[in-house]
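Visitor: Got a predicted structure here, sequence first:
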Amino acid sequence: MSIDAAAATRDPASSPEPDAETEPVPALTVDALTVRFSGLLALDAVSFTVAPGTIHALIGPNGAGKSTCFNVVSGVYRATAGAVRYAGKDLTRMAPHRIARLGVARTFQNIVLTHGTVADNLMLGRHSLTRAGFTATALRLPRAVREQRRHRERAAEIADFLGLGPAFDKPVGSLAYGDRKRVEMARALCMEPKLLLLDEPVAGMHPTERVAMAETIAKVRDALGISILIVEHDMGLIMRIADSVTVLDFGRLIADGTPERVQRDPAVISAYLGTPAQDAQDTQDEGTQP
Amino acid sequence: MSDTLSPDVSPPPTTGASPDGSGGAAGRRSQAASRAGTVAVAVLLLLVLPFYVSSFWLQTGLFAMAAVIGAIGLNLLSGTTGQLSLGHAFFLAVGAYGYVWLAADPSGTGSAHLYGLGLPPLLALVLAVVLAGVAGGLFSPISGRLRGMYLGIATLALVFLGHHMMLNARDITGGFNGRSVPALEIFGFSFSDTSPDGLAVLGVPFGGLERLWYFGLVLVAVAWLAARNLVRGRPGRALAAVRDSEVAAAVMGVPLSRYRASAFIVSSMYAGAAGALLALVFKRVVPDHFGLLLSIDYLAMIVIGGLGSVGGAVAGAVFVTLIPHLLTKYADHLPLLTAPGTAGSGVTPGDAARYLYGAAIVLVLVFAPGGLAGLAHRRPRRTGDGARRNRRFPLRTRTTSDPQGVEGATPKEHTP
Amino acid sequence: MIKLAETILNGLALGSVYALIALGFVVIFKASGVMNFAHGSLLLFGGYVTARLHDTIGFLPAVLVGAALAAALAGLVQLLATRGLRGAEIHTLTILTIGIDVLLSTELNRRVGADFLSMGDPWGADVTQLGDITVADSRIASIAVAIVVISVFFAAFRWSRWGLSMRSAAADPEAASLMGIRLDRVRLIAWCVAGALAALAAVFLAAFPAAGLDRTTSQIALSAFPAAILGGMDSAVGALVGSLVIGLTAAMAAGYQSELSALGSGFSDVAPYLVMVLVLLVRPTGLFGSKELTRV
Amino acid sequence: MSPPPTQSGSLRITDLHVTYGRSVRALHGVSLSVPQGGIVAVLGSNGAGKTTLLRAVSGTLALHRGTVDSGTVHFGETRLTGDPARSVAAGVVQVPEGRRIFGALSVEDNLRAGFLGARRRSGADRQAARDRVFALFPLLAERRRQAAGLLSGGEQQMLAMGRALMAAPRLLLLDEPSLGLAPLMVQRIASVIREINAQGTSILLVEQNASMGLALSDRASVLDVGQVRLEGASDDLAGTDEVRRLYLGESFEAGTAGQGAVSAATSATALSATAPGLTELARWKG
Amino acid sequence: STKSGTGTDTAGSDGVKTGPGVTEKTITLGALTDLTGPYASLGKSIVNSQQLYADQLNASGGICGRTVRITVKDHGYDVQKAVTAFTETEPNVAALSQVVGSPVVSSLQQEIEAKHLLTLPMGWASSLLGHQYVQVVGSTYDIDMINGVDFLVRKAKLKPGAKIGHVYFEGEYGENALAGSKYAAKQHRLSIVEQKIKPTDQDLTAQVTALKQAGVKAILISAGPKQSAALVGTAAAKGFAVPVLSNAPGFAPQLLATPVGPALEKQLYLVSAAPPFSSDAPAIQKLAKDYKAKYPNDPLDTGVVSGWNTISVLGEDLKAACKAKDLTREGIAAAHRKQSKLTVLGVSFDFSDRAKPSTYQSFIQKPAKQAAGGLVTVEPAHEVPAARTYPLPKS
Ligand SMILES: Nc1ncnc2c1ncn2[C@@H]1O[C@H](COP(=O)(O)OP(=O)(O)OP(=O)(O)O)[C@@H](O)[C@H]1O
Ligand SMILES: Nc1ncnc2c1ncn2[C@@H]1O[C@H](COP(=O)(O)OP(=O)(O)OP(=O)(O)O)[C@@H](O)[C@H]1O
Ligand SMILES: [Mg+2]
Ligand SMILES: [Mg+2]
C-alpha cells in the first residue's frame, strides 16, 4: 500500500470507523510556551494546537526547540512560562507519570529502552493501565496473574502490528537499530495513548523501513483515531502523513499550516529546508525531485 | 536463570541474524525441565540433612539461610533497582531487635530491666518484618532522591547511627551486652532445646536447631518465590526501568520516588526477616554483629552470586557465609601452619583461613565475572550502548539520568 | 574560648588528613567507577613501609618510598582488575577490592601485630604555642601538606592532559578510546595517585599525638567517606570543605560531649554521619557536587 | 599476508570476518579500500554491518565483545590490530554512531579531548585545530562553555565531528553523520565533508542516506548481511535501479508493499519491514 | 542415621567419673580467642602462656594420668564465627580456659549455663559475675578503679570537691570501670568529668582540651593502649601534667618505644589485677623466664599473666576434681566453687561466692622502659575498704 493510499485512507469513506462508543480524544493546546535554560531561550512563546485525531508535525533546524517542547509536554522539563492544556488540565504543572496516565505517550530521539526482552519493554508500557501492586504480584494473586496474561496478549498484538512478533521474547540488546526504534514505538502504543509524541521516529532508518513506518503511523492514527505530534527531519515523510505542520527556529514559531503551505514558505526554506533545488540532491527522500 | 532482569543471565536469545524465536523457546523449555529436576533433588537433600549432620552444620546452614533471605532482598534493591545500599546491616538489626523486643515478656530477663511486649513469637516475627519495612520507609526521603555512591555512603550512615542507637536505647536493646532472644513458638510447638517434649524423630533427638532448620527452609522458600514473582511481574519491570532510565520510566507512568522508596522498603523487610531468623539462631542479639562488615558481606553476596538474579543471590549468600566457616573449621588441618601456642610467628590457621577467603573471592570473580549465576549459562550479548557496562549498578552516577524534576514529589525545575 | 579555638584547629588538622584519603577514594571512583574498599589497607601498607624504612634511609625518603610502593600496589590491583577480569562490570571490580582488602589486611595485621610503629617524623612530640593555644607541629604540617597536595591535584585534574583524559574516560569509555585515550593507563594512574595519597595520610595519622601506626589505623579510612561525599565528589572546594566540616563536627562533638549528652553518649562518632545525611537531604549531590546533566 | 606497498594515506581492508560474542557473525569476507584523499561510501540497511566495519578499523570491536576472526586492515604501511590508540596515532579517527560526545564535559573540553590522541601535540597545533573547527561550526564557538550533553541532537553531531577533526586525522571514519540532522544541516555537513576531504583527509563514509552518500563519494560499496553486495563508482551505482529502489528510498515515489518485501528479504536483521502492512490494530477495550 | 549429640557422663576404668572432653588418656579444654581480629595480640599471649602451663603440667604427669590438651578456636572477634566455633567445640571439651570478647561471652552465656561448662572469660567486667559456670579470675574493672582512685587521692593530694576526668570506652569494659570510679569519687567527695570514646579513636585532643578546660586534677582512662598513649601524649604537649591512671588493658610495652614513651613514664600509672614481670616474686620470675625460653620473640605483656592466672586456676580445679574422682563438668565446676583461698602469682583468690569478685586486690604500677614487661610496681597488691562496700551492679 503506498503512502498516497495511506493518505487516501484519511477520508472517512475508506477509513475503518473509529468505534462510536469510545470517547473522542481531546485536543492539545500549547499556549505561549517559553523555556529558558540559563540564558538560552530554547522555546520563546510558542503556541499551536494539535486537533483531535490529526497528525501534527513539529519541524525546524537542529536546536530549534522541538525536543524541548516534547519534554515539556511529557513533563520531563518544566516550562518557564506559558501553558500546555490537554483534557482540561495544564500539563506544565504535572509530574510525568500523571501525564502518562492521561494517555500521553512518547518516544525518544535517542532510543531509550530498558534491559530485558521486547516483551518486558512493552509490558512496561502497560504500567499505568495495570494495577497489580507489590503484594499481589509477590503472592501471585489470581487477579494479578489474570491481568498479566490479558495485557501480555495485547502487547503481543501490538508487537505483531509493528512486525516485532518474531522478536517478542528476544533481548532488545540483540536487535538492530531499526528494530529497536520500532520497539520504542510499540512501547508507546502499549500505553493505549490518546496523544502520541514521536521524536524522529525514522531517523537512521533504511528507506524501505521509512515507508513502512510512515504507513504504520498513518494507520495508527486511522485505526485508533488518536492525535499524533511528530518531530521529523524527513520532509518526504512529513509532506505525506502530516495534516498540519508547525515550524520552529531558534525557539520561535516561524510558520504554521498545511504541509504544502509551509513547504513553500520562504522563511522555512531559508531557515530549514535550504533551497528547493538542493533538496532533491542532498536532503533525503525529498518528494520534489524533478 | 529466567528469574532475572539482567540480559547477561537471561535465556539464550537467537541472534539478530536469524529471525525465528522458536529455537530459544525450545531451549528454554528443556532448560526449565532440567532445572526443575535439580531443584527437586536439592530440596530433598535439604529436608533430610538434619538427620545426618551435626549441630555445627545445622547452625552454619541456618546462618546461610538468613543470609540468603537478606541477600535476595538486597538484590531487589541493588540488582533490580540499581540502588546501592551499605545499610543492610541496619535493617537486619531492626528485624533482630524488633523480634526480641516484641516477643520478650515485659518482666525482662538478664542484667537490667528490659522492655518487651510479650507478643506470641510468630506474630512478633511478622511484626518485626513490618517494623523493618517501616524503618526502610522512614529512610525514603534519602533513598528517594539520592543516587549511586551518594546513596551508598548515606546508607553507610545508617549502620553507624543504628549502632549508636543499639548501644544507647538500653531499655530495649540491652546495650552493648545485647539481650537474649525468646525462642520461637508456633501454636505451642517450641523451637528450642529447653522444651520439655524430648521430641525425637527416627531416633534423632530434635533440638532447637533441627526444628529451626525446617522453619528456615520455609522462610527461604517463601522469600525466594515472592522475589521471583516480583522481579517477573509489574513492579519488577517498573523497578528495572527506574534503574535503566528514569526518564523513560517516568514517561511510562512510573512514579519514581514512590518506586525507589518501595524498593527500599521491600528490601528492608527481607533484611528484617533475615535478622529475625539470625536472632533465633544466635539465641542472643549483640550490637557488634550488625556492623559495616556485615553490610559489605551482603554486597559481596549479591555480586558474587550475580547481580539482578534471585538464584544468584542465593548462591552468593551461601558462598559468602559458608566459606569462612568451613575454612576456620578445617584450617587446623592445613599443612605448614604454626598451631596457636607454638613458638615463632608463622601463619596461624586463623590467618590461613582469611587468606584463603580473600583468594576465594578474587578467584570467583576472575572465573565468573558475571557472578555464579552467570556460570549457569554464558552467552554472547550485545553491549551496544557503552553506558550499559556500568548501568545496572550505578556506582557511577552519570548513567542514571537525572532529568530535572522527573520525580513526582519534587517540583519541576530548570536545568542549570 | 581557647577550648573553641583549639577544637577548631584540631578539627582542621583532622579534616586535612581526611581530605587526603577522601580524595584518593574519589579519584579511583571517578576513573574506574569502583568504590575501593581496600583503601584502608592501602593506607596501612603505605604507612607500614614508611615506618619500617625511616630508621635506615631517613624520614623523607621513607615517606617517598612508602608512597611509591603504595602507588605500585594500588596499580597492581588495577592491573589485576583489567588483566584478570577483562571486561567485567564495575560492581564486580568493587567486590574484587573487598577480596584484596581481606588478603592485604590479614598480611599487614600479621606483620604489625601489637606494635605501634613510629614514623620517625621530624616533628616528634613538639608543639607550638599560638597565644594560649598549643598545637602539635605535626598538625600544622598536616594542614599545610594537605592544602598543597590537594591544590596541585585539582589543578592537574582540571588542566592537565591526564585530568582531561580521566574526565573523558569517566564520561564515555568507548568514545574516549576513540580519541586515542588509553583507558587502562588513565585508570592505572588514578589508582597510583590514590595509593600515594593514602600513604601520605597514614604518616599524619600515625604522627603525634597518636601513639604511632597500628593495625587499627586503617579504620580511619571509613571516617573519610562522609568527607568525600559531603563536599560533592567532583569539586576541589568540595573535597576540602567537606573534609573540614567532617573534621570539625567530629572534634566539636567530642570536645563538647558533656554538653551533648542528651543525644546519647559516644555521639561524637556518629555526628559526622548525621551532618552528612542532613546535607544530602538538602543537596543530594553534596555541597559543591555538580548536578547530573542529562537530557533526552 | 602483507599487501602490496600503497600510498601512506590509503586504507585497505582484505577479507574481513567479524563475530560478536563468538556467535553473532556480523561480517563475512568484506574487502574494501579507500585511496589516499578519496571518499568511499558504505551503504546498507540496518544491521548490515556498517558500524561493525568501522569498529574493526578503529579497533573498538573489543569494547563490544567483538573479534576479528580473519582478514587484515592496513592503513598505509601500518597494520591496524584492534588497538584504538594505535589507530588514532596512525591518523585514523572515527566519529561513532550516535555521536557519543562527553555529556558531562563542556564543548570546549570535548574538543580538547579530541586533541589528546593527535600526532602533533604543541599548544599552537591545538589552537590551530580548534580555530579550524570553530570556523567549520561557528555554533560550537557560541556554545563552548555549555555542557555538551545539553546540546541538541544536531549540535551534538557537529561537536562529534569537530572533536574528531581536532586530531587532524588522515582518514576520517564517519558513521551516519546525517542522522537526525535537519535538511539544511545535512547540506552543511555534506559541504563540510567535502571541505575536509579537499584539505587532504581521506574519508570512509557510512550512510543510510544513500542519496547523500552517493553524491559525496567517488566510489561506494553496498553491504548486506555482512557481505559486499555491490561495489563500484558512485555514479554508476546511483544508476542501477536496485540501488535506486532500495537505498535511494524512491519508494516514496512508487513505493509499494512488494518492494518493501524485497528489501525486507535483503535485510535479514531488520525484521520484515512490511509486517505492519499485514496486521491490523484495533482499539483496546477494557 | 549417623548423628551424635553431646557426649554423656561415664565412669572411667580408674573409677574417675568422666564427662564430655575427658577420655582415658586426655582432658580437652577449649579456647575461643581472637588471633586475627582487633585483640589478636592479646589472644596470642594468652594462648601462648596457657599452652606453656599445659606443657609444664603434662610434663609433671598431667591430671589423673591424663594429659591436658587445649583446642584453640579463632573467631577474629566475629560473634557469628564464635557461636559456631562454640557449637563445634562444646561437645568435646571439659571446660573453656579462655573466651575473648565481651560480646562473644554475652552471646554464649545461655549456652554455657545450659551445658554446665565452666568458662573463664578474658574480660573483667562485674556484669560477668553471678553465674555458676562463668568465672572472672581477678579483680573486676570497677574494683580496680576504686583502688586506683584511692591511690590518686593520696598521690595527687586531691581535696574534696576536686574534679577528676574519666576517659572510657563505650561498652562493658569502660562503663564498668566508670561505675567504680564514680563510687570511689562519691566516697572521696570528688566529681567525675566523663569522656566517652570508641576503640577506633586515635586522637584525644578534643577530650584533653575539654578536661583541661574543666580543670581536672587527675585523669582516669579505661581504654586501649593507643588511647592512653594519645591521652598522655596530648596532655604532655599541653603542659597538662596531671597523673593519669589506666586500667590494665590500657597499656602495652610497645608504647614505650614511641615518641610518647617519655611522657608515659612521667605521667602514667596502671591499676591491674596482676603483678608486673619486673616484680621479684619468684613465681613471676619463673613465668617470665620460661615464657621467654619458649617464645623468644613474643613480648611479655599483660596477656601472658592473665592467661597464666586463668589456666592456673582451672588447673587447680581439675586437680581438685581429680581428687574427688569426678571429672564431669559438674564435678569440675563444683571443685572450682570449693576454692576459697587459692594463691596464684602472689594474689589470693576466693571463688566460693559466685556473686563476688574473686579478689578485691589490685596492683599499682607505672611504665619503665628498661623493666621487663615495661612496668614496675608502685604499690603491691592491696585492697581498700571502699571496694568491699561498693554495691556490685546486680545481674
Ligand atoms: N537540559 C538542557 N539544558 C540546557 N540547554 C538545553 C537543554 N535541553 C536543550 N537545551 C538547548 O535547547 C536548544 C533546543 O534543544 P532541542 O533538543 O529542543 O532541539 P531540537 O529541536 O530537538 O534539535 P534536534 O532536531 O537536533 O533534536 C538547544 O540549543 C539545546 O542546546
Ligand atoms: N555488540 C554486539 N553484540 C552482538 N551483536 C551485535 C553487536 N553489535 C552489532 N551486532 C549485530 O551485528 C550486525 C551488524 O550490526 P551493525 O551495527 O554493524 O549494523 P549497521 O549496518 O551499523 O546497522 P545500523 O544501520 O542500524 O547502524 C547486526 O546483526 C547486529 O545485531
Ligand atoms: Mg530533538
Ligand atoms: Mg550502525
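Guide: Yep, it's here. The model shown is predicted, which means the values in this text are computed figures rather than measured ones. Ligands and ions are numbered 1, 2, ... in the order given.

Visitor: Tell me the buried residues in the longest helix seen in chain C?
Guide: The longest helix of chain C (DSSP state H) is helix C:2-32. Neighbour-count burial for helix C:2-32, counted by 16 or more other Cβ atoms under 10 Å in any protein chain shown, picks out C:3, C:6-32. Quick note: C-beta positions are derived from backbone N, CA and C, even for glycine.

Visitor: does any part of stretch B:133-153 sit near chain C?
Guide: Yes: judged by Cβ under 8 Å from any Cβ of the partner chain, stretch B:133-153 and chain C are in contact via B:141, B:142, B:145, B:146, B:147, B:149, B:150, B:152, B:153.

Visitor: oh sorry, the question was meant for stretch D:173-189
Guide: No: Stretch D:173-189 lies out of reach of chain C by Cβ under 8 Å from any Cβ, never closer than 9.2 Å.

Visitor: how about that stretch as CSV, C-alpha atoms only?
Guide: Presented in CSV, the C-alpha positions along stretch D:173-189 are these (Å, rounded to 0.1, in the frame of the first residue of the first chain):
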residue,chain,number,x,y,z
LEU,D,173,35.5,7.3,9.6
LEU,D,174,32.0,8.8,9.6
ASP,D,175,29.1,6.6,10.9
GLU,D,176,25.9,8.1,9.7
PRO,D,177,26.8,11.8,10.1
SER,D,178,23.5,12.9,8.7
LEU,D,179,21.5,11.0,11.3
GLY,D,180,18.9,13.3,12.8
LEU,D,181,20.0,16.4,11.0
ALA,D,182,17.8,19.0,9.5
PRO,D,183,17.9,19.1,5.7
LEU,D,184,19.8,22.3,5.8
MET,D,185,22.3,20.9,8.3
VAL,D,186,22.6,17.8,6.1
GLN,D,187,23.8,20.1,3.3
ARG,D,188,26.1,21.8,5.7
ILE,D,189,27.6,18.5,6.9
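
Visitor: Rounded mean pLDDT for it, please.
Guide: Stretch D:173-189 carries an average pLDDT of 86.

Visitor: Leaving out chain neighbours, which residue sits closest to residue D:79?
Guide: Sequence neighbours aside, residue D:72 is the residue nearest to residue D:79 in space, at 6.2 Å (criterion: Cβ to Cβ, 6 or more residues apart in numbering or on different chains).

Visitor: wait, that neighbour sits on residue D:82?
Guide: No: here residue D:72 does not reach residue D:82: they are 11.3 Å apart, not a contact under Cβ atoms under 8 Å.

Visitor: Going along the chain, name the helices of the stretch 201-350 of chain E.
Guide: When secondary structure is read from DSSP state H, counting those that start in this stretch, the stretch 201-350 of chain E shows helices at E:205-214, E:225-237, E:261-267, E:282-294, E:302-323, E:329-338.

Visitor: How much space separates residue E:154 from chain D?
Guide: To chain D, residue E:154 is 69 Å away according to Cβ to the nearest Cβ, to the nearest Å.

Visitor: Let me see the confidence value for that residue.
Guide: Per-residue confidence (pLDDT) for residue E:154: 91.

Visitor: Flag the shaky bits of chain D, pLDDT-wise.
Guide: Applying pLDDT under 70 to chain D picks out residues D:1-8, D:245-279, D:286.

Visitor: Up against ligand 4, what does it have?
Guide: By Cβ under 5 Å from the ion, the residues of chain D that approach ligand 4 are D:51, D:97.

Visitor: And chain D, what are its domain boundaries?
Guide: As given by the TED database, the domain ranges for chain D are D:11-91+D:169-248, D:105-166.

Visitor: Quick one: end-to-end distance for the shortest one.
Guide: Between the start and the finish of domain D:105-166 there is a gap of 16 Å, counting by Cα to Cα, to the nearest Å.

Visitor: Equivalent analysis for stretch D:109-123, please.
Guide: Its first and final residues considered, stretch D:109-123 spans 14 Å by Cα to Cα.

Visitor: From the chain's centroid, how far away is that stretch?
Guide: 21 Å (Cα atoms, centre = their mean, to the nearest Å).

Visitor: does residue D:72 belong to a helix or a strand, and which?
Guide: strand D:66-75 (DSSP states H and E).

Visitor: For the residue nearest to residue D:79, give its distance to residue D:83.
Guide: Distance of residue D:72 to residue D:83, given as Cβ to Cβ, to the nearest Å: 14 Å.

Visitor: looking at the domains of chain D, which is closest to residue D:285?
Guide: For the domains of chain D, proximity to residue D:285 was assessed by Cβ to Cβ; domain D:11-91+D:169-248 is nearest, at 34.6 Å.

Visitor: Any part of the closest one near ligand 2?
Guide: Yes: counting by Cβ under 6 Å from any ligand atom, ligand 2 has neighbours in domain D:11-91+D:169-248: D:20-21, D:24, D:26, D:44, D:46-52, D:64-65, D:208.

Visitor: State the pLDDT value of the residue lying closest to residue E:151 once chain neighbours are set aside.
Guide: For residue E:151, ignoring the flanking residues on the chain, the nearest one in space by Cβ to Cβ, 6+ apart is residue E:364 at 5.1 Å. For residue E:364, the pLDDT comes out at 94.

Visitor: mind listing the strands in chain C by residue range?
Guide: Counting by DSSP state E, chain C has strands at residues C:127-130, C:133-136.
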